[in-house]
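A.B. asks: let's see this in three dimensions:
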Amino acid sequence: MVRDILQDIEDSLLTQDVWESDDDHTPETLPNARAHIIFNRLVDSGWFKIDTFGLEKRVTIRPPVSKFLTFMVAFAETGPIFVSGKIRSIDINIEQVLDGKADGDTLSESAEQARNLLEHVRNTGTTVRDIMEVLSQESATAQYVRLFFNQYIEHVFIGDYRELRTKEHPLSRRPQIIRAVTQLQESEPHRNRLIGWYETKRCPGDRQRAELLFEKDIQRILDLRRIDEYLERLDDEIRLANRRALAYLDYRLRSLRPVDHMIKNIISNLNSNSFVDMGDPFPADELISGAGLAEPRKRIDRPAPSTLRRHLPSEEEIARSKVMLRARDARTVTAPKLAEYVGKQISTGQGRITYDSLELNSVSDVRNFQALGTIGMAMTAGSRRLLLSAMTLTHGFRVKTDSNEEVAGNGVSGRPFTVESTNKLVEKPESSI
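C.D. replies: Take a look at the predicted model:
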């Protein structure tokens, strides 16, 4: 729906930093108008496509743009991988292909996973070297430590690197995977079945190309035999990076003391024989004596602690506790409670309601009313931090303050405000007793 897309763009404009001014608008332009300008620009550039179904307009993203956005999101969310999940998935897929429960599509997917896994392990060593080169340019110790742990440990490291050499790790089943793939390659029934799938689905009528695709996928999975070689290279890179980091941190910690100046003074004193003015590093009395030894440790016998008494609450205390919990729950304001309260107050098709039309029939209603007033002031304060904090409670509606003057209401005073629905509220039906 066009309306939903415009609302999402407007929400993004409100939560993002201030954008640079374009020719079509200025920072003073209302977010609603800016959302329409951006939407029209995306349509004109070909990113969005509008399809009309009767009176309804639907927005779709063209396939090349969708694929580009998928790559961008995947790149932005790239983090440490877990080899166990990749190997376990490949193992299960190969077993299904060997049992005849899956065809070439599963084999091709397993080959792609194996290739991506080897690429990640091989590229991790290069990434470690690049990060250490960047870290070597940092002169501040605090910045060096921050970058080392944020980039090197969290973003580059393999998630289960420590367990790779254990027997329980799925990587230990690599020989079984290699044997199963070799059986698929050498067995005539399996080979003909899979090549037939490639010939039917991937390259109709081209038997030779189907055989090439089959051999290519088989070889990608068989390349898992080289993962030990890549892991050994990665171990060397990580050990070298750790030694460099520890040496740097050790030097920085030692350099906090004037060790260089102390050594320089000692050498100059030795050369000039001027140790007469220097004091001895030990006390004037005897070095070892009975008086200088520590006293023997004395054992102090403490009385055993008394047993704890068990206190059983009375019925009155239990009732008071339940009443206190109910009172606390009634005074607590959460996003679902606030959305339910606003959904009951705003009738279908109305879309907005003012502060003086809100019903205050319970303590929960009063607390929701106060929360709406606070949210309204936060949304109109001009602070991005307050706006983001307020939007965590506004699911499906907006609150705007109408005036800065405090007015008296129905038992509660405050600034007047207006609640506007964004067509995402869901009013719960009242249950019959």
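A.B. asks: neighbours of Pro175, how many?
C.D. replies: The number of residues packed near Pro175 is 10, by other C-beta atoms under 10 Å. The C-beta positions use only the backbone N, C-alpha and C, and glycine is treated the same way.
A.B. asks: Ala33 now?
C.D. replies: Here the number of neighbours of Ala33 (other C-beta under 10 Å) works out to 12.
A.B. asks: and if you look at the one 3 residues further on?
C.D. replies: Taking other C-beta under 10 Å as the neighbour definition, His36 ends up with a count of 16.
A.B. asks: and if you look at the one 10 residues further on?
C.D. replies: For Gly46, the count of nearby residues is 10 (other C-beta under 10 Å).
A.B. asks: could you find the closest non-adjacent residue to it?
C.D. replies: In space, and not counting its chain neighbours, Gly46 is closest to Arg62: 6.5 Å by C-beta to C-beta, 6 or more residues apart in numbering.
A.B. asks: go ahead and confirm the one you found touches Ser45.
C.D. replies: No. Because the distance of 10.3 Å does not satisfy C-beta atoms under 8 Å, Arg62 is recorded as not touching Ser45.
A.B. asks: neighbour count for these two, which is higher?
C.D. replies: Set side by side, Arg62 and Ser45 give different neighbour counts by other C-beta under 10 Å, the larger being at Arg62 (12 against 9).
A.B. asks: for the more buried one, give me its contacts.
C.D. replies: The contact partners of Arg62, taken as C-beta atoms under 8 Å, 6 or more residues apart in numbering, are Gly46, Trp47, Phe48, Lys49.
A.B. asks: report the beta-bridge partners for the third one.
C.D. replies: This points to Phe48. In this entry, Phe48 is beta-bridged to Ile61, by DSSP bridges.
A.B. asks: now do it: how many residues are near it, please.
C.D. replies: With neighbours defined by other C-beta under 10 Å, the count for Phe48 comes to 18.
A.B. asks: the last one too?
C.D. replies: Neighbours of Lys49 under the rule other C-beta under 10 Å: 13.
A.B. asks: that one and Arg62, how far apart?
C.D. replies: To Arg62, Lys49 is 6 Å away according to C-beta to C-beta, to the nearest Å.
A.B. asks: redo the contacts of Arg62 as a markdown table? Include pLDDT and distance to Phe71.
C.D. replies: As requested, the contacts of Arg62 are arranged in a markdown table below (pLDDT from 0 to 100; distance: C-beta to C-beta, whole Å):
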| residue | pLDDT | distance to Phe71 |
| --- | --- | --- |
| Gly46 | 82 | 18 |
| Trp47 | 83 | 15 |
| Phe48 | 85 | 19 |
| Lys49 | 84 | 20 |
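A.B. asks: run a quick neighbour tally on Ala35.
C.D. replies: For Ala35, the neighbour count with other C-beta under 10 Å is 21.
A.B. asks: dump the residue contacts of Val412.
C.D. replies: Applying C-beta under 8 Å, 6+ apart, one finds that Val412 lies in contact with Leu360, Val366, Phe369, Gln370.
A.B. asks: and for the third one, the neighbour number?
C.D. replies: As a burial measure, the neighbour count of Phe369 was computed by other C-beta under 10 Å and equals 23.
A.B. asks: now do the first one
C.D. replies: When counting by other C-beta under 10 Å, one arrives at 15 neighbours for Leu360.
A.B. asks: wait, it touches Phe369, no?
C.D. replies: Yes. Counting by C-beta under 8 Å, Leu360 touches Phe369, with 6.0 Å between them.
A.B. asks: give me the buried positions along stretch 6-19.
C.D. replies: Going by neighbour count (16 or more other C-beta atoms under 10 Å), the buried part of stretch 6-19 is Leu6, Gln7, Ile9, Glu10, Leu13.
A.B. asks: if you go through the chain in chain order, where are the strands?
C.D. replies: 48-53, 56-61, 352-354, 397-401, 407-408, 413-414, 417-421 (DSSP state E).
A.B. asks: residues in contact with the first one?
C.D. replies: Residues lying outside strand 48-53 but in contact with it, judged by C-beta under 8 Å, 6+ apart, are Val2, Ile5, Phe39, Leu42, Val43, Lys57, Arg58, Val59, Thr60, Ile61, Arg62.
A.B. asks: the second one too?
C.D. replies: Surrounding strand 56-61, the residues in contact under the criterion C-beta under 8 Å, 6+ apart are Met1, Val2, Ile5, Trp47, Phe48, Lys49, Ile50, Asp51, Thr52, Leu69.
A.B. asks: still on that earlier bit, please convert the contacts of Val412 to JSON lines, extending it with distance to Asn93 and pLDDT.
C.D. replies: Listed next are the contacts of Val412 as JSON lines, based on distance: C-beta to C-beta, whole Å; pLDDT from 0 to 100:
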{"residue": "Leu360", "distance to Asn93": "61", "pLDDT": "86"}
{"residue": "Val366", "distance to Asn93": "59", "pLDDT": "89"}
{"residue": "Phe369", "distance to Asn93": "57", "pLDDT": "90"}
{"residue": "Gln370", "distance to Asn93": "57", "pLDDT": "89"}
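A.B. asks: among those, which are in helices?
C.D. replies: With helices identified by DSSP state H, the entries of the contacts of Val412 that belong to them are Val366, Phe369, Gln370.
A.B. asks: which one of these is nearest Arg297?
C.D. replies: Set against Arg297, the nearest of the ones in helices among the contacts of Val412 by C-beta to C-beta is Gln370 (62.1 Å).
A.B. asks: which non-adjacent residue is nearest that closest one?
C.D. replies: Here the nearest residue to Gln370 in space, its sequence neighbours aside, is Val412; by C-beta to C-beta, 6+ apart that works out to 6.7 Å.
A.B. asks: now swap in Arg398 and tell me
C.D. replies: On the basis of C-beta to C-beta, 6+ apart, the spatially nearest residue to Arg398 that is not a chain neighbour turns out to be Glu420, at 4.8 Å.
A.B. asks: same check on Gln7?
C.D. replies: Computed as C-beta to C-beta, 6+ apart, the closest residue to Gln7 that is not its neighbour in sequence is Thr422, at 5.7 Å.
A.B. asks: in stretch 115-123, what counts as buried?
C.D. replies: Residues of stretch 115-123 classed as buried: Arg115, Leu117, Leu118, His120, Val121, Arg122 (neighbour count, 16+ other C-beta under 10 Å).
A.B. asks: list the contacts for the residue nearest to the first one when sequence neighbours are not counted?
C.D. replies: Right, the one you point to is Arg115. On the basis of C-beta to C-beta, 6+ apart, the spatially nearest residue to Arg115 that is not a chain neighbour turns out to be Arg220, at 4.9 Å. The neighbours of Arg220, taking C-beta under 8 Å, 6+ apart as the test, are Ala111, Glu112, Ala114, Arg115.
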